[in-house]
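A.B. asks: Sequence isn't available, so here's the structure alone:
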């Protein structure tokens, strides 16, 4: 089947020392089944590596999975490097998933994270969010 | 980024521009075509290496080790890795990049400025590559990579599109994947310029190598030499002299290498074989020959695409009308096609 509409490309990233990838793998699989093109980074990537992958693969969405508690350090670093490598955070959707304390969710959002998904989030919610947010941010059309 | 910025970016070595160009080309945007037109004059310098084989034989791992070895030699390496799309949802899980770890953790390949890695979904296309893989290779070539590695989807017996893109094709197998009948069934096993039996530590690699050797030597000329071998030549067969004689009748005998890619075993020899093959291609004139053959096919496809576009737009020919008449049984499809082409030639292609 050949479809002419642009496929949504998502990078599912594990960053830092956190070795819990069950969630990331399940999300990657569900996003694939929702029709997205999903690139999984594998474990233990540095923020630079995740950012470089996001830029080279020219993804629409970067999903960072963190269960280690280091999100306030690592997420801003990933975003900083994306910018440094020439990526455009105005048109790239950044989402974070994992065990994120409630008080940090607002903080992450104020840093430019588009959404935070905590354990128990239904997959449909994540898929719907991406479907809605990507064209919104990207003004997706033939010219972009 | 507009076309102007992207073309300039590619010329100046801006990886962000390259990434965006690939997106345009992959999604068939008009900008993509424009970019391809403008960068063509910069292409043709890279050595394009295809890596194919059954799923799970270690293609991605081998690719990552090759990247590292070529980097040590100071070569710049572009990579396109294709994974299959789901036939049901069109989605894809692209899992080649995650294997891109070198042998030396102190030199992470992901950040190496001499490496560019792009994952591609096959987007429903059979044959082992995506429709636009060839154009993406050309973009990497224009960007200035010395070597471009193209990893196919886990291929079976008929995914042989890689030869339409690569100068050198590496076919990777592993032990215990089937007997000599499987090997002689051909398909991807006919297309190798270099064969690799990976995961040799599993045991049984020697058997696979033997079968491969037989398969490779069993071409017309070799059969002739063998059929002329009399009983008295038995010694020559035993000593391997016949094998040498058969070798001489051909200008390139695909080498069969044994590797354990995970641990880097045999990668040095693989690099050497790749370099030897490129030298052979250049010296023998085969490089040009192969590229011309590929280009003629590509040009033909492009012409067909253009005609399809014209057919869908041209009011005078009324393609839809013909379809309806064929559906109603008023005209048969062969005559309809002849009519349409006649009309197209008469009215011109505007």
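C.D. replies: Okay, I see it. This structure is a prediction, so every number in the text was calculated from the model and none was measured.

A.B. asks: can you give me the strands in the stretch 201-350 of chain B?
C.D. replies: B:256-258 (DSSP state E, counting those that start in this stretch).

A.B. asks: outside of the helix or strand hosting residue A:52, which residues touch it?
C.D. replies: Taking DSSP states H and E as the criterion, residue A:52 maps to helix A:47-56. Helix A:47-56 is contacted from outside by A:11, A:13, A:15-16, A:39, A:41, A:45, A:62, A:64, A:74, A:77-82, A:84-87, A:92, B:15-16, B:19, B:97, B:108, B:110-111, B:116-118, using CB atoms under 8 Å, 6 or more residues apart in numbering or on different chains. For the C-beta atoms, the positions are set from N, CA and C on the backbone; glycine is no exception.

A.B. asks: hmm, 6 Å instead?
C.D. replies: A:11, A:13, A:15, A:62, A:74, A:77-78, A:81-82, A:85, A:87, B:16, B:19, B:110-111, B:116 (CB atoms under 6 Å, 6 or more residues apart in numbering or on different chains).

A.B. asks: just the buried members of these?
C.D. replies: A:11, A:13, A:15, A:62, A:74, A:77-78, A:81-82, A:85, A:87, B:16, B:19, B:110, B:116 (16 or more other CB atoms under 10 Å in any protein chain shown).

A.B. asks: So which of those belong to strands?
C.D. replies: A:11, A:13, A:62, B:116 (DSSP state E).

A.B. asks: Nearest to residue B:61 among these?
C.D. replies: residue B:116 (19.0 Å; CB to CB).

A.B. asks: ok, which residues in chain A are in contact with chain B?
C.D. replies: Taking CB under 6 Å from any CB of the partner chain, the part of chain A that reaches chain B is made up of A:1, A:6, A:28, A:32-33, A:35-42, A:48-49, A:52, A:55-58, A:86, A:142.

A.B. asks: Among the residues you listed, the buried ones, what's the ChimeraX command?
C.D. replies: Buried subset of these, written as a ChimeraX selection, criterion 16+ other CB under 10 Å:
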select /A:6,28,32,33,35,36,37,38,39,40,41,42,48,49,52,55,56,57,58
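
A.B. asks: all strands for chain A, in order.
C.D. replies: Using DSSP E, strands in chain A cover A:9-14, A:37-40, A:61-66, A:93-98, A:115-117.

A.B. asks: average pLDDT across the first one?
C.D. replies: When you say that, I think you mean strand A:9-14. Mean pLDDT, computed over strand A:9-14, is 96.

A.B. asks: Each with direction, which strands does it pair with?
C.D. replies: strand A:37-40 (parallel), strand A:61-66 (parallel) (DSSP bridges).

A.B. asks: Quick one: work out the angle between that strand and strand A:93-98.
C.D. replies: Computed with axes from the mean of the first three to the mean of the last three CA atoms, to 10 degrees, the direction of strand A:9-14 lies at 30 degrees from that of strand A:93-98.

A.B. asks: Check the contacts of helix A:47-56 and tell me the two furthest apart.
C.D. replies: Top of the distance list for these (CB to CB): A:74 and B:116, 24.4 Å.

A.B. asks: show me what contacts the residue nearest to residue B:163 when sequence neighbours are not counted?
C.D. replies: Closest residue in space to residue B:163, ignoring its immediate chain neighbours: residue B:191 at 5.2 Å, by CB to CB, 6 or more residues apart in numbering or on different chains. Residue B:191 makes contact with B:160, B:163, B:169 under the criterion CB under 6 Å, 6+ apart.

A.B. asks: Go through the residues you listed and give me the one with the most neighbours.
C.D. replies: Ranked by neighbour count (other CB atoms under 10 Å in any protein chain shown), those have residue B:169 at the top, with 24 neighbours.

A.B. asks: Does it touch residue B:193 like I think?
C.D. replies: Yes: Residue B:169 is within contact range of residue B:193, at 5.2 Å (criterion: CB atoms under 6 Å).

A.B. asks: biggest helix in the chain by residues?
C.D. replies: The chain I'm using is chain A. What stands out as the longest helix in chain A, according to DSSP state H, is helix A:123-138.

A.B. asks: I was thinking of chain B, sorry if that wasn't clear
C.D. replies: Assigned via DSSP H, chain B shows its longest helix as helix B:286-313.

A.B. asks: sorry, back to before: let's have the ones in strands among the buried ones among the contacts of helix A:47-56 in CSV, adding distance to residue B:209.
C.D. replies: Putting these into CSV (distance: CB to CB, whole Å) gives the following:
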residue, distance to residue B:209
A:11, 39
A:13, 40
A:62, 44
B:116, 34
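
A.B. asks: count of residues packed around the closest residue to chain A within the stretch 51-200 of chain B?
C.D. replies: Residue nearest to chain A within the stretch 51-200 of chain B: residue B:98 (3.3 Å; CB to the nearest CB). Neighbourhood size, residue B:98 [other CB under 10 Å]: 18.
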